[in-house]
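have a look at this fold, sequence not included:
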């Protein structure tokens, strides 16, 4: 099968390309070529820019197109319109951030309302506009290729090649050992999905010409934050100890949610973080590798990065030490 991936060299796109090539598909990757690093020499590399230079896509045809890099409706519309007569099926990778009020909203499923923008022509992507813009991109694709569109709404994608560090921080920090800050309640639910599991399922759904909208995070059972840390400790052989600091103390210390302290949002603000319904995707065959495998492979990949790598998320050692010291002082004073 001839597969076109819009993106294909970073994170999910990279896993999609690897999976498609491993299955013997003919793969074309359309991107600017700034991050290819010689990846996938057996694939066809089409150079261009989604925002203004789609020349390399003209006069070509593929069985399926998978869009991993669409954020702005105008840009997505240009590629969707161009490919409408060139592909039999179009998959758009969206996000659970499309839902109105998420993560404050819980028990979300595919029928839940999506966010909107007062000005739908806005193109600046930030924390407020990201989800509604993705929802508009979904609409553009469905309008342009009616009956031929698969919409996938992933949660937090994790594992090797994650450029955000929003999960990687935890296995790395646990492996470093010593006393470490653990956020909120140990039983607090979280949801993540290994990029390889997502890629393999998206590829299968696309090649089967599946249509409709699917939430896609995981796993298919309750996952507590304590399990993420404890499994990281077991896999790494670390002797780290976990000091669980409650939400109100983290807020008092003005520790930033989600980025400065990954996987954490105060529960009163984010009850939906671990509560997105993915049963439709499970029924369509989405499966998950063991958490231990994701952690182990993430640690192996992290070991290949430069020692002076500038982390995109997570507490600095100094900030963590300050937070622990302040919490211990508060705890002593309350005795």
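Structure's in. What do you need? Worth saying up front: this structure is predicted, and the values here are computed from it rather than measured. Numbers count the residues shown, from 1 in each chain.

list the contacts of residue 223.
Residues in contact with residue 223 (C-beta atoms under 8 Å, 6 or more residues apart in numbering) are 189-192, 274, 291. Bear in mind the C-beta positions are built from the backbone N, C-alpha and C, glycine included.

with residue 28 instead?
Residue 28 sits next to 2-5, 43-46, 60, 62 when contact means C-beta under 8 Å, 6+ apart.

quick one on the thing from earlier: okay, the contacts of residue 223 in TSV with pLDDT, secondary structure and distance to residue 130 next?
Converted to TSV, these look like this (pLDDT from 0 to 100; DSSP: H, G, I helix; E, B strand; the rest coil; distance: C-beta to C-beta, whole Å):
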residue	pLDDT	secondary structure	distance to residue 130
189	97	strand	23
190	97	coil	20
191	98	coil	18
192	98	strand	18
274	94	coil	20
291	98	helix	27
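
so residue 69 lies in a helix, does it not?
No: under the criterion used here (DSSP: H, G, I helix; E, B strand; the rest coil), residue 69 is coil, not part of a helix.

pLDDT at it, what is it?
Residue 69 is assigned a predicted lDDT (pLDDT) of 93.

for it, give its distance to residue 170.
Distance, residue 69 to residue 170, by C-beta to C-beta, to the nearest Å: 26 Å.

swap in residue 259?
Look at residue 259 and residue 170: by C-beta to C-beta, they are 13 Å apart.

in this structure, which helix has the most residues?
In the chain, with assignment by DSSP state H, the single longest helix is helix 317-333.

which strands and helices lie in contact with that one?
Packed against helix 317-333, as judged by 3 or more C-beta pairs under 8 Å, 6 or more residues apart in numbering; DSSP states H and E, are the following elements: strand 179-183, strand 241-245, helix 247-252.

so which of the ones you listed is the most surrounded?
Across the helices and strands packed on helix 317-333, averaging neighbours per residue (mean count of other C-beta atoms under 10 Å) puts strand 179-183 on top, at a mean of 20.

thinking again about what came up before, closest to residue 160 out of the helices and strands packed on helix 317-333?
strand 179-183 (22.5 Å; C-beta to C-beta).

and residue 259 and residue 170? Which one has more around it.
Per other C-beta atoms under 10 Å, whichever of residue 259 and residue 170 has more neighbours is residue 170, with 24 against 15.

which SSE is the more buried one in?
Assessed by DSSP states H and E, residue 170 sits inside helix 169-176.

just put the contacts of residue 28 in a markdown table and tack on secondary structure and neighbour count.
Listed next are the contacts of residue 28 as a markdown table, based on DSSP: H, G, I helix; E, B strand; the rest coil; neighbours: other C-beta atoms under 10 Å:
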| residue | secondary structure | neighbour count |
| --- | --- | --- |
| 2 | strand | 17 |
| 3 | strand | 27 |
| 4 | strand | 26 |
| 5 | strand | 30 |
| 43 | coil | 21 |
| 44 | strand | 14 |
| 45 | strand | 17 |
| 46 | strand | 19 |
| 60 | coil | 16 |
| 62 | strand | 21 |
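
of all those, which comes closest to residue 319?
Proximity of those to residue 319, judged by C-beta to C-beta, is greatest for residue 5, which lies at 38.1 Å.

isn't that closest one up against residue 17?
Yes: applying C-beta atoms under 8 Å as the test, residue 5 and residue 17 come out as touching, 5.8 Å apart.

low-confidence ranges, the chain, go.
For the chain, the stretches with pLDDT under 70 are 36, 335.

can you give me the helices for it?
Going by DSSP H, the chain shows helices at 11-22, 73-83, 130-144, 169-176, 195-207, 225-236, 247-252, 279-283, 291-302, 317-333.

which one of these lies closest to residue 154?
Set against residue 154 and scored by C-beta to C-beta, these come closest in helix 195-207, at 5.8 Å.

now the closest one: buried residues?
Buried residues in helix 195-207, counting neighbours by 16 or more other C-beta atoms under 10 Å, are found at 195-203, 205-207.

for that helix, what is the distance to the chain centroid?
The offset between the C-alpha centroid of helix 195-207 and the centroid of the whole chain comes to 14 Å, using C-alpha atoms, centre = their mean, to the nearest Å.

and what of stretch 305-318?
Using C-alpha atoms, centre = their mean, the distance from the centre of stretch 305-318 to the centre of the chain it belongs to is 19 Å.

now do the buried residues in that stretch.
Burial within stretch 305-318, assessed by neighbour count using 16+ other C-beta under 10 Å, is assigned to 313-315.

between these, which sits nearest residue 237?
Taking C-beta to C-beta as the measure, residue 314 is the one of the buried residues of stretch 305-318 closest to residue 237, at 20.7 Å.
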